[in-house]
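Q: structure for the following, please:
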Amino acid sequence: MFDFEPWFHAHIGLLVTAILVLFGAWIASISRVHGRAEPGRAGFVFLEVLMILYMLHLLMTIVSDAIVLQRANLTLSTDRDEEYWEKFKRSMHKGLIVIIISLVFSMIANVLLLFSLVELGNGLMFMLKQQRSKSQKIMRYSALSLAVVMFILQIAILPLMLKYLPMTWRAFGDEYGDYSYANEMYKGLRNIQHLGLTYEVLNLVTAIGVLIYASTVMHAYRTEKSTRGCAIAFLIMAILFFIRAMWLLVYRVSYIYMHEDFRIGTETMLGIFFNYWPYTAILLILFFVALKKQGGVWTTEQPWTTTSKKSPPSVEEK
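A: Model (predicted):
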């Protein structure tokens, strides 16, 4: 058994718990709207898609952990022959493919979540003011623009990972000592790190913006005692969103500058509490907001509301 094996087993167990909780909410959302005339149907369908994407991301993370455990047990072997290195490289290749698939699910879910949070704030402000203001439009298009930029950044990382990470595996088993590719490999790895760090900084800036917007919405609802429950929920989600973004930046910095043992330890155990569970909590709160508001949360006419522009939505809670 290697040093971090119990941590990985605990990590997998906690991820499975998050999946089961989200799956329960997903089933509940299906039973809530499908087969009936639900005015907030579009909002629930959006949440269902978001939940599916994030559950797939969690599932791929579990598969990645399992591959790491398998590879770690392989490295305990003292017989480092050609067959060993072939198995090692196959394991690394499988792990890379799984990580990339997981990243694809994650980055799509992140775009949808960012847009969901901003549109929730817009919907709450619309219900209070009974009009679509300039600030709401600015928030909408700013969120959309930032989401596109962040998506492009992550897309740019994927081909670099496919190209340069296999070079590191080659270096492990290069029996002839041919490291002519080393400079290119280090340059590519630095580019991956810099793009990843840029993404996390932008993600944190975005989270700060969402937190400020949620605080503004909460301030606007300060006198609406009977209807400010959703504003409080929005603020809680914004805080969780900020905590997660801060953690991801800290982890990215540790990935670049800290020792590998520290990096593995922080990601394996602390990551579950500052990354995966906060995201899961945000999705669950979104789901409960969807149930709480009269008639649903999001239609194509007015985000996170249920009625047409001719008749502004009610802010009465069930």
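
Q: top helix in this protein by residue count?
A: In the chain, taking DSSP state H as the definition, the longest helix is helix 82-129.

Q: after that one, which helix or strand is next?
A: Next helix or strand after helix 82-129 toward the C-terminus (DSSP states H and E): helix 134-172.

Q: in that next one, what's buried?
A: Across helix 134-172, burial judged by 16 or more other Cβ atoms under 10 Å covers 136, 139-140, 143, 146-147, 150, 153-154, 157, 160-161, 164-165, 167, 169. Glycine gets a C-beta too; all of them are placed from N, C-alpha and C.

Q: next, the contact list for V63, please.
A: V63 makes contact with V98, according to Cβ atoms under 8 Å, 6 or more residues apart in numbering.

Q: what angle separates the strand or helix carrying it from helix 82-129?
A: When elements are defined using DSSP H and E, V63 is found to belong to helix 41-75. Relative orientation of helix 41-75 and helix 82-129, computed by axes from the mean of the first three to the mean of the last three Cα atoms, to 10 degrees: 160 degrees.

Q: so where's the stretch 151-300 of the chain uncertain?
A: 169-180, 226-227, 257-267, 291-300 (pLDDT under 70).

Q: again, but for the stretch 1-150 of the chain
A: 1-3, 32-43, 78.

Q: 80 - rerun?
A: The stretch 1-150 of the chain contains residues with pLDDT under 80 at 1-5, 29-46, 75-82, 84-85, 126-133.

Q: how far away from the center of its chain is stretch 93-100?
A: Put simply, stretch 93-100 sits 18 Å off its chain's centre (Cα atoms, centre = their mean, to the nearest Å).

Q: which parts of it are buried?
A: Using 16+ other Cβ under 10 Å as the test for burial, stretch 93-100 gives 94-96, 98-100.

Q: what residues are up against I155?
A: So I155 contacts M107 (Cβ under 8 Å, 6+ apart).

Q: any idea how far it is from M167?
A: To M167, I155 is 21 Å away according to Cβ to Cβ, to the nearest Å.

Q: what is the neighbour count of F115?
A: Other residues lying near F115 total 18 when counted by other Cβ atoms under 10 Å.

Q: all helices of the stretch 201-318 of the chain, in order?
A: In the stretch 201-318 of the chain, the helices defined using DSSP state H, counting those that start in this stretch lie at 229-257, 260-265, 271, 277-292.

Q: how about the nearest residue to T280, chain neighbours excluded?
A: Leaving aside its chain neighbours, T280 sits nearest to A18 (4.6 Å; criterion: Cβ to Cβ, 6 or more residues apart in numbering).

Q: buried sites along whatever helix or strand that neighbour lives in?
A: Remark: A18 resides in helix 5-33, with elements defined by DSSP H and E. Under the neighbour-count criterion of 16+ other Cβ under 10 Å, helix 5-33 has 7-8, 11-12, 14-15, 18-19, 21-22, 25-26, 29, 32-33 buried.

Q: now do it: which elements does it pack against?
A: Under the contact criterion of 3 or more Cβ pairs under 8 Å, 6 or more residues apart in numbering; DSSP states H and E, helix 5-33 touches helix 41-75, helix 277-292.
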